[in-house]
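1. quick one, what's the 3D model for this:
(one chain, ligands or ions: 1)
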Amino acid sequence: SASQPFYGAHQSGITTAQQANVALVAFDVLATDKPALQTMLQTLTQRCEFLMQGGVVKARDAQYPPLDSGMVGPMIHPDNLTITVSVGASLFDQRFGLSHLKPHQLQTMTRFANDGLQSQWCHGDLMLQICANSPDTTLHALRDIIKHTPGSLAVRWRRDGFISPHAAASQGKRTPINLLGFRDGTVNPNASQHDVLKQMLWLSSDTAEPAWTVGGSYQVIRLIRFYVEHWDRTPLQEQQAIFGRDRDTGAPLGMKHEHDSPDYASDPHGKHIPLDAHMRLANPRTQGYPEFLLLRRGYSYSYTTSPSGQLDVGLLFIGYQANLQRGFIDTQNRLNGEPLEEYIKPFGGGYFFTLPGVMGKGNYLGQSLI
Ligand code: HEM
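-> This is a model prediction of the structure:
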């Protein structure tokens, strides 16, 4: 089955067409000094490389625990797996002597007006975004990493998510539909728009950021619950006004096709697209282009049911950008107070910095930081 490149200037899993499944896993680093942190990063690199490329796991004397869980069979198929490794602001505290190397915009996420952040669902020293065609592949990868890092990593929180397999199989041509029933990700640039992606995503040497960050990106994660019972009793025209798009075609209101561009200038009073519609408020293009953009890579989640019978479902919002302030933070501030807030509750997540890619064998994730 298909494999994604492990080596390169940037990690896989950002511009990679969205696979059907994700596991988002935040860890606390248990290593207490820099050499132990380095060993952990080297081990993590080896595991990611192996898991993404696949292969046969060596058999071991049966009097020992097997080297692999076996849950995907003796032959590990790549299954389009990507493991994207990011670090949180807390990694730059006094433990490892790295505080002078912290990416300038990396910070601990604080609450926005409509947030109900719960500490057990926030932050982390290390964040893995594990994506693959199937959920057994993401879980297998997670088990493998946990098995190889006892004493250096401890899971802090985890959420799994999915998009429709049809959308995933279309390699980005079909926009995934979120659990509110709307196509989500329409205006994302596609992987072939190299210049746009380059400016919106990657830190380059001409910023004032520490040199080791070149090739990395700021990652934002927001765990957002949807009140779908409430939403399902809301008139369609109100739902559409909330986003500014037609639910079924995905077209901007008053237009025909999903990829038609809304002309806000000729609709100054919001006759077609209300002034407080999600996409009109979020729209980073009116602010300047393209360094104000963020790449969204959202997944739906569906967990259990509350004691009162409400579904615990929502969105794992994942965004990447070269400029965290202009990308996510300013956009979220423009969205504060939007009508959509009545139906959603952000309860977790965090800001992370996605490490630059690994250039070749013998190199490891985070090497330029250590
Ligand atoms: C656009 C849904 C949260 C930023 C959209 C669209 C939908 C949508 C349906 C229109 C289609 C598209 O262009 O993708 C949602 C839902 C959210 C959510 C259900 C859950 C609460 C957020 C958050 C941000 C954000 C937290 C960032 C702070 C954007 C941006 C656009 C957009 C930048 C594109 C606007 C444009 O340029 O036209 N969203 N979104 N969204 N959303 Fe969200």
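2. specify the beta-bridge partners of the most centrally placed residue in the chain.
-> The centre of the chain sits closest to residue 318, judged by C-alpha atoms, centre = their mean, with a distance of 3.0 Å. With DSSP bridges as the criterion, residue 318 is bridged to residue 221.
3. so it touches residue 298, yeah?
-> Yes - between residue 318 and residue 298 there is a contact at 6.2 Å, judged by C-beta atoms under 8 Å. Placement of C-beta: from N, CA and C, glycine included.
4. doesn't residue 27 lie inside a strand?
-> Yes - per DSSP: H, G, I helix; E, B strand; the rest coil, residue 27 lies within a strand segment.
5. mind listing the helices for the protein?
-> With DSSP state H as the definition, the chain shows helices at residue ranges 34-53, 135-148, 165-169, 194-201, 228-231, 236-243, 278-282, 330-335.
6. how far off centre is the fifth one?
-> A distance of 25 Å separates the C-alpha centroid of helix 228-231 from that of its chain, computed with C-alpha atoms, centre = their mean, to the nearest Å.
7. tell me the mean pLDDT for it?
-> Averaging pLDDT along helix 228-231 gives 98.
8. put the alpha carbons of that helix into CSV.
-> C-alpha atoms of helix 228-231 as CSV (Å, rounded to 0.1, in the frame of the first residue of the first chain):
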residue,chain,number,x,y,z
VAL,A,228,-25.7,18.5,17.0
GLU,A,229,-29.2,17.9,18.5
HIS,A,230,-29.7,21.7,18.7
TRP,A,231,-28.2,22.1,15.2
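9. how about that helix: buried residues?
-> Judged by neighbour count using 16 or more other C-beta atoms under 10 Å, the buried positions of helix 228-231 are 228, 231.
10. in this structure residue 143 contacts residue 72, no?
-> No - with contact defined as C-beta under 8 Å, residue 143 does not reach residue 72; the gap is 10.0 Å.
11. neighbour count: these two, which is higher?
-> The residue with more neighbours, out of residue 143 and residue 72, is residue 72; 19 against 14, by other C-beta atoms under 10 Å.
12. give me every residue that touches that one.
-> Under the criterion of C-beta atoms under 8 Å, 6 or more residues apart in numbering, the neighbours of residue 72 are 79, 136-137, 140.
13. now it: how far from the ligand?
-> Distance, residue 72 to the ligand, using C-beta to the nearest ligand atom, to the nearest Å: 32 Å.
14. show the model's pLDDT score for that residue.
-> 95.
15. now do the contacts for the residue lying closest to residue 198 once chain neighbours are set aside.
-> Sequence neighbours aside, residue 204 is the residue nearest to residue 198 in space, at 7.9 Å (criterion: C-beta to C-beta, 6 or more residues apart in numbering). Residues in contact with residue 204 (C-beta under 8 Å, 6+ apart) are 198, 214, 322.
16. swap in residue 16?
-> Residue 16 neighbours (C-beta under 8 Å, 6+ apart): 4, 82, 131, 191.
17. wait, what's in contact with the residue of the stretch 1-150 of the chain found nearest the ligand?
-> Using C-beta to the nearest ligand atom, the single residue of the stretch 1-150 of the chain nearest to the ligand is residue 112, 8.8 Å away. Applying C-beta under 8 Å, 6+ apart, we find residue 112 in contact with 332-333, 336, 346.
18. mind picking the two most distant members of the residues you listed?
-> Greatest spatial distance among these (C-beta to C-beta): 333 and 346, at 13.5 Å.
19. those two: who's more crowded?
-> More neighbours surround residue 346 than the other of residue 333 and residue 346, with 22 against 13 (other C-beta under 10 Å).
20. by mean pLDDT, flag the weakest helix or strand of the chain.
-> Of all helical and strand segments in the chain, the minimum by mean pLDDT, DSSP states H and E falls on helix 194-201, at a mean of 89.
21. next, the buried residues of it.
-> For helix 194-201, the neighbour count (16+ other C-beta under 10 Å) marks 196-197, 199-201 as buried.
22. could you export stretch 340-347 as CSV, CA atoms only?
-> C-alpha atoms of stretch 340-347 as CSV (Å, rounded to 0.1, in the frame of the first residue of the first chain):
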residue,chain,number,x,y,z
LEU,A,340,-22.0,29.6,15.2
GLU,A,341,-20.9,29.8,18.8
GLU,A,342,-24.4,28.8,19.9
TYR,A,343,-23.7,25.3,18.6
ILE,A,344,-20.1,24.7,19.5
LYS,A,345,-17.9,24.5,22.5
PRO,A,346,-14.1,24.4,22.3
PHE,A,347,-12.8,22.4,25.2
